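In: from the sequence below, what's the structure:
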Amino acid sequence: MIKPDTFVHLHVHTEYSLVDGVVRIKPLIKQCAEAGMPALAVTDLSNMFALIKFYRAALNAGIKPVIGAECLLSDEAQTAAPFRIVLLCQNTQGYRNLAELISRGYVEGQIRGTPILQKAWLATHTEGLIALSGGREGDIGRALLNDNTEEAGQHLRHWQALFADRFYLEVTRTGRPGEEQYLQKCIGLAIDTDTPVVATNDVRFLTADEFEVHEARVCIGEGRMLDDPRR
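Out: Sure thing, here's the model as predicted:
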């Protein structure tokens, strides 16, 4: 049985995220096992390339593997850049739905090589999936950071209608810009609407000395230099 105070990572990008992750599967599993973590979710950006390697390594280490992905979503009613949502599989049907959504993103939704899902596609593909709001990069988070609580509430009601009790407001505290402002507003929204909250760590690397490597990978993905002030 998992103890109530046991932390489980639910938002982790590995090297298979290609543009922003440098976490290798075997060291990840080893570190989680040493920390006594009973479960772990890998949520690479727009793919499940690490699935087989992750699943086998986790089971061999006695860790429950949670299959998932962080997806970029676009809404025809919105002109802003794509927002994020984290989808976790509860069961086989959830895996099938996530696989179909990601595949459709690659076949029908690629923009400059990046697979993007249409928000409307999720309407018929939420069975067996748990959703995390994407934190400050989700549609709710962006609305809150723009001081638009009414819009945030509309987004929240939309996702609750699709996922029922399987939708969670996601909060992260890693020192990134806007996190504290979002955190306070998100907790207020959660209290007002009685919505459950989940804390994640939005992992991109395992140790502090891997930060520079991570930054270099992000620059390669964005086509920028490390000293570019626009980053």
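In: for this protein, which helix is longest?
Out: Counting by DSSP state H, the longest helix found in the chain is helix 92-108.
In: check which helices and strands that one sits against.
Out: strand 64-74, strand 83-89, strand 114-115, strand 117-118, strand 129-132 (3 or more C-beta pairs under 8 Å, 6 or more residues apart in numbering; DSSP states H and E). (Glycine included, C-beta is placed from N, CA and C.)
In: so which of those is nearest Asn148?
Out: The closest of those to Asn148 is strand 83-89. By C-beta to C-beta, the value is 13.6 Å.
In: which residues sit against that closest one?
Out: 10-11, 41, 43, 66-73, 75, 94-95, 98, 101, 128-135, 137-139, 141-142, 170, 200 (C-beta atoms under 8 Å, 6 or more residues apart in numbering).
In: just the buried ones among the residues you listed, please.
Out: The neighbour count (16 or more other C-beta atoms under 10 Å) marks 10-11, 41, 43, 66-73, 94-95, 98, 101, 128-135, 137-139, 141-142, 170, 200 as buried among those.
In: any idea how far Leu59 is from Gln90?
Out: 18 Å (C-beta to C-beta, to the nearest Å).
In: swap in Thr43?
Out: With C-beta to C-beta as the criterion, Thr43 and Leu59 are 18 Å apart.
In: thinking again about what came up before, can I get the helices and strands packed on helix 92-108 in CSV with distance to Ala164?
Out: Rendered in CSV, the data for the helices and strands packed on helix 92-108 read as follows (distance: least, C-beta to C-beta, whole Å):
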stretch, distance to Ala164
strand 64-74, 18
strand 83-89, 15
strand 114-115, 27
strand 117-118, 20
strand 129-132, 10
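In: can you say which of those strands is nearest to Gly105?
Out: The closest of these to Gly105 is strand 114-115. By C-beta to C-beta, the value is 3.5 Å.
In: what pairs with that closest one, and is each one parallel or antiparallel?
Out: Strand pairing for strand 114-115, using DSSP bridges, gives strand 110-111 (antiparallel).
In: name the residues that touch the strand it pairs with?
Out: With C-beta under 8 Å, 6+ apart, strand 110-111 has contacts from Ile116.
In: so how far is it off the chain centroid?
Out: Distance, stretch centre to chain centre, for strand 110-111: 19 Å (C-alpha atoms, centre = their mean, to the nearest Å).
In: against Arg136, how distant is the closest residue to Ala123 other than its chain neighbours?
Out: Closest residue to Ala123 apart from its sequence neighbours, by C-beta to C-beta, 6 or more residues apart in numbering: Leu162 at 6.6 Å. To Arg136, Leu162 is 21 Å away according to C-beta to C-beta.
In: more crowded one of those two?
Out: Arg136 (26 against 17; other C-beta atoms under 10 Å).
In: residues contacting that one?
Out: Arg142, Leu144, Leu145, Thr172, Arg176, Gly178, Glu179, Tyr182.
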